[in-house]
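Novice: got a predicted structure plus its sequence, pasted below:
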Amino acid sequence: MKILKILTLLLASGSLFAQEKPKNVILLVGDGMGLSQISTAFYYKDGPSNFEQFKNIGFIKTSSTSSKVTDSAAGATAFASGKKTYNGAIGVDADTLSIPTIVEELDAINFKTGLISLSTITHATPACFYAHVKSRNMHEEIAEQLAHSQVDFFAGAGLQYFTQRSDKKNLFKEMKLKGYQMDSIGLATSIEPGKKYGFISEKEALPAKHISRGDFHPKATQLALDYLSQSKDGFFLMSEGSFIDWAGHQNNAEMLVAEQLDFDEVLGVVLDFAKKDKNTLVVVTADHETGGVALTKGKTSDELSLKFNTKSHTAALIPIFAYGPGSETFQGIYENNEVYHKIKQLLAL
């Protein structure tokens with residue numbers, strides 16, 4: 001009799017079989033961001049880190065099929081397509097066969113989709129969400145696949161792969177003919193729901209935060225949300241903090257702290273949106289850790305010192321944070337390709 005009463009209560013509350021389903025998904029990728037990188041925001045930020053707002057937290061295992069230490073291409077392909085693959089692969093499996101991405105699958109059912117990167121938009125992490133090539137170094141092929149994709153909004157660098165190509169094509173012109181509003185200077189101040197937008201500046205990458213980038217990343221993310229949220233069918237946005245990884249490769253502590261604090265600001269923009277919207281799932285993680293970073297005691301007990309153990313990637317487990325409908329699904333420890341499957345399950349694809 002007790003069991004019957006419990007079942008009745010669970011069914012009445014909808015908690016036995018039903019699960020909250022998000023309408024929108026925002027995936028924030030801090031490239032190269034491990035636990036120590038995240039910890040810097042707790043010590044160097046004036047005020048609490050936005051990471052403190054999460055209750056649902058897990059860890060992902062990041063090894064690729066070719067190495068225990070993954071690269072961004074294999075890591076992002078796992079996020080975007082749900083399959084482990086070899087280092088350097090963009091949207092292809094271990095046999096170099098193309099595999100559909102979450103962006104392509106959502107485009108097919110009228111979701112709006114957006115991608116933001118601080119490096120080239122053809123770089124490994126963003127490319128894995130729309131392209132299929134055997135090597136991450138095939139930038140011109142990747143750019144052409146973006147030109148023929150259905151991505152609604154993108155922002156990043158890599159202008160040369162669109163307008164200064166070896167085949168003399170001008171992909172800006174081609175994309176404008178397809179209805180894109182293309183800009184190689186800066187972000188728009190206003191956007192229209194019936195158009196598509198592409199913002200490609202610089203040749204190789206935007207400037208680092210501690211040099212001269214300003215508020216590009218939070219501003220681009222907010223602009224993307226303003227645009228994508230006009231969709232009645234839902235949207236998917238991937239926004240990447242690329243330079244956390246680059247700071248690790250350079251063993252540059254000043255750069256790392258500046259980039260992590262910038263990423264924390266982007267996180268604040270996203271969480272503010274999700275709280276107001278109430279139908280948006282936010283997932284925050286990294287493809288791998290870079291630099292083997294440790295926070296150690298400085299010259300005094302009140303000071304910290306950032307120490308690097310390598311200029312390469314590491315195999316450390318990576319934290320994953322989730323907020324919003326279905327966020328409890330991301331608790332636990334699992335392989336990085338499960339992120340894709342969890343998102344698909346929640347969206348009932």
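Specialist: Yes, it's here. What you see is a predicted model, and the numbers here were worked out from it, not measured in a lab. Residues are numbered from 1 along each chain as shown.

Novice: which residues in the stretch 1-150 of the chain form strands?
Specialist: Counting by DSSP state E, counting those that start in this stretch, the stretch 1-150 of the chain has strands at residues 24-30, 56-61, 112-120.

Novice: what do you get for the stretch 151-300 of the chain?
Specialist: Using DSSP E, counting those that start in this stretch, strands in the stretch 151-300 of the chain cover 153-157, 180-183, 196-201, 235-241, 280-285, 289-290, 294-297.

Novice: I'd like those laid out as a markdown table, including mean pLDDT.
Specialist: Converted to a markdown table, the strands of the stretch 151-300 of the chain look like this (pLDDT from 0 to 100):
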| stretch | mean pLDDT |
| --- | --- |
| strand 153-157 | 96 |
| strand 180-183 | 92 |
| strand 196-201 | 94 |
| strand 235-241 | 98 |
| strand 280-285 | 98 |
| strand 289-290 | 98 |
| strand 294-297 | 96 |
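
Novice: quick one: these as JSON lines, columns for mean neighbour count and distance to residue 308 too.
Specialist: C-beta: built from backbone N, CA, C; applies to glycine. Output for these, formatted as JSON lines (neighbours: other CB atoms under 10 Å; distance: least, CB to CB, whole Å):
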{"stretch": "strand 153-157", "mean neighbour count": "26", "distance to residue 308": "25"}
{"stretch": "strand 180-183", "mean neighbour count": "17", "distance to residue 308": "37"}
{"stretch": "strand 196-201", "mean neighbour count": "22", "distance to residue 308": "30"}
{"stretch": "strand 235-241", "mean neighbour count": "27", "distance to residue 308": "18"}
{"stretch": "strand 280-285", "mean neighbour count": "25", "distance to residue 308": "21"}
{"stretch": "strand 289-290", "mean neighbour count": "28", "distance to residue 308": "9"}
{"stretch": "strand 294-297", "mean neighbour count": "12", "distance to residue 308": "8"}
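
Novice: among those, which is nearest residue 226?
Specialist: strand 153-157 (9.9 Å; CB to CB).

Novice: any idea how far that closest one is from the chain center?
Specialist: 13 Å (CA atoms, centre = their mean, to the nearest Å).

Novice: partners of it in the sheet?
Specialist: strand 112-120 (parallel), strand 196-201 (parallel) (DSSP bridges).

Novice: returning to that earlier point: mind putting the strands of the stretch 1-150 of the chain in TSV, mean pLDDT and mean neighbour count included?
Specialist: Shown next, in TSV, are those (pLDDT from 0 to 100; neighbours: other CB atoms under 10 Å):
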stretch	mean pLDDT	mean neighbour count
strand 24-30	98	26
strand 56-61	98	18
strand 112-120	97	27
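
Novice: quick one: closest of the ones you listed to residue 308.
Specialist: Shortest distance between residue 308 and these, using CB to CB, is found for strand 24-30: 16.8 Å.

Novice: by how many degrees do that closest one and strand 235-241 diverge?
Specialist: 10 degrees (axes from the mean of the first three to the mean of the last three CA atoms, to 10 degrees).

Novice: can I get the strands of the stretch 1-150 of the chain in CSV including distance to residue 130?
Specialist: Formatted as CSV, the strands of the stretch 1-150 of the chain follow (distance: least, CB to CB, whole Å):
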stretch, distance to residue 130
strand 24-30, 14
strand 56-61, 22
strand 112-120, 7
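
Novice: which ones are touching residue 22?
Specialist: 279, 280, 281, 324, 325, 326, 346, 347 (CB atoms under 8 Å, 6 or more residues apart in numbering).
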